[in-house]
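> Just to be clear, the model below is a prediction. Sequence and coordinates:
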Amino acid sequence: QVQLVESGGGLVQAGDSLRLSCAASGSTFSSYAMGWFRQAPGKEREFVAAINRSGGSTYYADSVKGRFTISRDNAKYTVYLQMNSLKLEDTAVYYCAASLNTYGRRWDSNLYEYWGQGTQVTVSP
């Protein structure tokens, strides 16, 4: 098992940057592919970004491509989400998640076994 704790959320203005962190503990971190998802009020949880076990491959939702960067430090058991040029529509609770095997469906939240509690990101005009 792995426990996940997100941090770094907050209130920022449109155009600002923010970096989220997700600290893992428990099982060997490098065994898990990691993903970031978000959920805005009244909307379903949606895929944001994912990274494979080694950190060599990354994947992004079209809505954040070019603005967000996912990375991981396996030695520190941490995955990051660097968010630049934030928009109002990025406002959501952001969750990190861990998966032993996404079977190539890295956008599918059902394939992530472990989830953090979420961190709120609010983008104001």
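Now that the structure is in, tell me what you want to look at.

> Could you report the separation of the closest residue to Ile70 other than its chain neighbours from Arg67?
Sequence neighbours aside, Ala49 is the residue nearest to Ile70 in space, at 4.0 Å (criterion: CB to CB, 6 or more residues apart in numbering). For glycine as for every other residue, the C-beta is placed from the backbone atoms N, C-alpha and C. Distance, Ala49 to Arg67, by CB to CB, to the nearest Å: 10 Å.

> what about those two, which has more around it?
Taking other CB atoms under 10 Å, Ala49 and Arg67 do not tie; Ala49 has more neighbours (26 against 15).

> thinking again about what came up before, any idea what the residue nearest to Ile70 is bridged to?
Trp36, Tyr60 (DSSP bridges).

> Please determine how far the residue nearest the centre of the chain is located from Phe68.
The chain has Trp36 as the residue nearest its centroid, 2.1 Å off, counting by CA atoms, centre = their mean. Distance from Trp36 to Phe68, counting by CB to CB: 8 Å.

> shared neighbours, the two?
Val48, Ala49, Leu81 (CB atoms under 8 Å, 6 or more residues apart in numbering).

> which ones are touching the nearest residue to Arg67 once chain neighbours are set aside?
Distances taken as CB to CB, 6+ apart place Ser85 nearest to Arg67, at 4.8 Å, with adjacent residues excluded. For Ser85, the contact set (CB under 8 Å, 6+ apart) comprises Gly15, Ser17, Arg67.

> Helix, strand or coil: sort out Ser85 for me.
coil (DSSP: H, G, I helix; E, B strand; the rest coil).
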